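> Need coordinates for the below:
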Amino acid sequence: MIYDLRQVSDYRYARPVVFAQHVLRLVPVDRPGQKVIATEISITPEPTQRRDDLDFFGNHRIFVNFDAPHKAVRISMRARVGVSGRQRPLPGMDPPWERVRETAFAAADLSPASPVHALFPSSRVPRDPAIRAYASASFPPGRPILEAAFDLARRMQADFAYDDKATDTNTPASQAFAMRRGVCQDFTHIMIAGLRGLGLPAAYVSGFLRTNPPPGQPRLEGADATHAWVQVWCGRELGWWGLDPTNGLIVDEDHIALAIGRDYVDVAPNGGVLIAAGDHEISVAVDVKPVAG
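Here you go, the predicted structure:
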């Protein structure tokens, strides 16, 4: 599939911001199964300084500074991206999850794609015995890794309610788990906590969902904003596979990856520092339009 992506983020401040420094992760990059054809980003007002680079995990970062007073910022990103589907392994071809755990802990590779970076607790994904116990029901001895992880994603989709009023970006995974409510960020953190609790490498992916589903298929939760899902490492042969616990899916052509990290902190679309007083408002509009497939 080829998609045209558009994301417009508006930041409005109650009082003028004297100085601001932002770190933006809003531009997709080439990844396995994903090819970026064109990108464009515009920022209003024009920043005083701008610098682009790639972080450790290969995500596109934009550093911008504003040193003139302003009461609003608009960031508009447009891109055309091609996404290729992936054929699932035949039954029994994915290794038992215990073998994947052993292989991951024995890995000496420290490159960005190595499973070792996604094995241990991180700032938004601490150890949680209750979440580990919930996840373990999908992982009886000898069960193939992808089959077990997919079962966990489907159980979460059935057991948890999508509720964008129940949590915010700072809600701990343990609290969302106890409520069985939240949004894609919460469900992704919960699933990662469960997998890591079992010794399995799991990473956080931010991205986009196809806004309008194909005829006869249901609209996916989270399609009106940036989405989040899990990447689980399934061994050296199969590598990383995407799983969407919000919708109970194995990630395919409806998902477009934006940034990958250990948790939300590594992929936050906008971070930084600003000097101001008073409150602020944020609105984000997303559109994902298929143009060929």
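> okay, now the domains of the chain?
Residue ranges for the domains of the chain, per automatic domain parsing: 2-83+268-292, 97-267.
> and the ones you listed, which is most packed in?
Sort the domains of the chain by mean neighbour count, taking mean count of other CB atoms under 10 Å, and domain 97-267 sits at the top with a mean of 19. (Glycine included, C-beta is placed from N, CA and C.)
> Reformat the domains of the chain as TSV; add distance to Pro89 and mean pLDDT.
Shown next, in TSV, are those (distance: least, CB to CB, whole Å; pLDDT from 0 to 100):
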stretch	distance to Pro89	mean pLDDT
domain 2-83+268-292	15	94
domain 97-267	6	94
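> closest to Leu90 out of the ones you listed?
Distance to Leu90, taken as CB to CB, is lowest for domain 97-267 among these, at 10.4 Å.
> so how far is the closest one from its chain's centroid?
How far domain 97-267 lies from its chain's middle: 9 Å, per CA atoms, centre = their mean, to the nearest Å.
> Quote the end-to-end distance of stretch 271-284.
15 Å (CA to CA, to the nearest Å).
> what's the offset of it from the middle of its chain?
Chain-centre distance of stretch 271-284: 22 Å, with CA atoms, centre = their mean.
> Helices of this protein, start to end?
Using DSSP state H, the helices of the chain run over 97-106, 129-136, 145-159, 173-179, 184-197, 264-267.
> looking at these, which is closest to Arg86?
Nearest to Arg86, of these and by CB to CB, is helix 145-159 at 11.2 Å.
> how many degrees apart are the closest one and helix 184-197 in direction?
Following axes from the mean of the first three to the mean of the last three CA atoms, to 10 degrees, one obtains 140 degrees for the angle between helix 145-159 and helix 184-197.
> Contacts made by helix 145-159 with the rest, please.
Helix 145-159 is contacted from outside by 88-89, 91, 94-97, 100, 135, 137-140, 180, 187, 190-191, 194-195, 200, 230, 232, 234-235, 238, 241, 243-250, using CB atoms under 8 Å, 6 or more residues apart in numbering.
> Spell out the residue ranges of the strands in the stretch 151-293 of the chain.
161-162, 181-182, 202-209, 227-233, 240-244, 249-250, 255-261, 270-275, 280-292 (DSSP state E, counting those that start in this stretch).
> So which of those is nearest Val125?
Ranking the strands of the stretch 151-293 of the chain by proximity to Val125 (CB to CB) places strand 202-209 first, at 8.0 Å.
> same for the closest one, what does it pack against?
In terms of contacts (3 or more CB pairs under 8 Å, 6 or more residues apart in numbering; DSSP states H and E), strand 202-209 is packed against strand 2-17, helix 184-197, strand 227-233, strand 255-261, helix 264-267, strand 280-292.
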